[in-house]
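Peer 1: Sharing a sequence plus its predicted fold:
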Amino acid sequence: LQQSVPRSDNLAEDVRRAAGLLESAKDLHEHALVVDAVRVALQPHCRVLDVPERPTLVRTAAMWHLSTTVTGELAEPGTSALELAMALHPTPAVCGAPTDAARALIRELEPFDRGLFTGVVGWGDAEGDGEWAVTIRCAEAGPEERRLRLYAGAGVVAASSPWAEADETGAKFGTFLEAAGAEL
């Protein structure tokens, strides 16, 4: 579960951005929406569910992320990892919250069809064990060999700044483009 800010090459600025993310009411609210949706989705499947009250910071090469690790014990041991992943999808990070209202608004307001831009990716075995992750950044290969259509989103809440969301999405695209060997 993550909310992000781009990292900086300047150490003092990088520490300031990380601390700012951890104290940002807007980002903490946005993150809490996702954490609560995860809790609600997993609770029926778990006899014990631990959801920390505050997120921690996770650092990647390009971004700082708010992170909350949710752990639990299954109520029914036969529940597969894929069943749990499907219970979580779509998260507010992908569709918005509340999900049904957000999905209806997206259909009404967006001038294009999103197509299949997100889902879960991972593995599962015959015993139901596995690891799954929501794909919130992805690419679609076009009919031509050297064409990709990239998808990266931004969590938008009432306190969001369009410019900050554009910067965050640009940084997310930058990471993806770098991995693909291209430039923004």
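Peer 2: Done, it's in.

Peer 1: End to end on stretch 53-61, go ahead and measure it.
Peer 2: Between the start and the finish of stretch 53-61 there is a gap of 26 Å, counting by Cα to Cα, to the nearest Å.

Peer 1: Could you measure from the nearest residue to residue 47 once chain neighbours are set aside over to residue 124?
Peer 2: Leaving aside its chain neighbours, residue 47 sits nearest to residue 75 (4.4 Å; criterion: Cβ to Cβ, 6 or more residues apart in numbering). Quick note: C-beta positions are derived from backbone N, CA and C, even for glycine. From residue 75 over to residue 124 the distance is 19 Å, taken as Cβ to Cβ, to the nearest Å.

Peer 1: So what does residue 133 have for phi and psi?
Peer 2: Backbone torsions for residue 133, taken as degrees, to the nearest 10, come to phi -130, psi 140.

Peer 1: correct me, but it touches residue 119?
Peer 2: No. The pair residue 133 and residue 119 does not pass the contact test of Cβ atoms under 8 Å, sitting 10.0 Å apart.

Peer 1: which of the two has more neighbours?
Peer 2: In terms of neighbours (other Cβ atoms under 10 Å), residue 119 is the more surrounded of residue 133 and residue 119; the figures are 15 against 10.

Peer 1: The nearest residue to the more buried one once chain neighbours are set aside: how many residues sit nearby?
Peer 2: When the adjacent residues along the chain are set aside, residue 119 lies closest to residue 135, with 5.7 Å between them (Cβ to Cβ, 6+ apart). Neighbourhood size, residue 135 [other Cβ under 10 Å]: 16.

Peer 1: coming back round to it: just checking, the residue nearest to residue 47 touches residue 43?
Peer 2: No. Taking Cβ under 8 Å as the contact criterion, residue 75 and residue 43 are not neighbours in contact, 9.5 Å apart.

Peer 1: Partner strands of the helix or strand hosting residue 66, with direction?
Peer 2: When secondary structure is defined by DSSP states H and E, residue 66 falls within strand 63-67. Note on strand 63-67: by DSSP bridges, its sheet partners are strand 4-6 (antiparallel), strand 56-59 (antiparallel).

Peer 1: Least confident of those strands, on average?
Peer 2: For the strands paired with strand 63-67, mean pLDDT drops lowest on strand 4-6, to a mean of 65.

Peer 1: hmm, back to that, so what's the residue nearest to residue 47 up against?
Peer 2: With contact set as Cβ atoms under 8 Å, 6 or more residues apart in numbering, residue 75 has these partners: 44-47.

Peer 1: any idea what sits nearest residue 148, other than its immediate chain neighbours?
Peer 2: Closest residue to residue 148 apart from its sequence neighbours, by Cβ to Cβ, 6+ apart: residue 139 at 4.4 Å.
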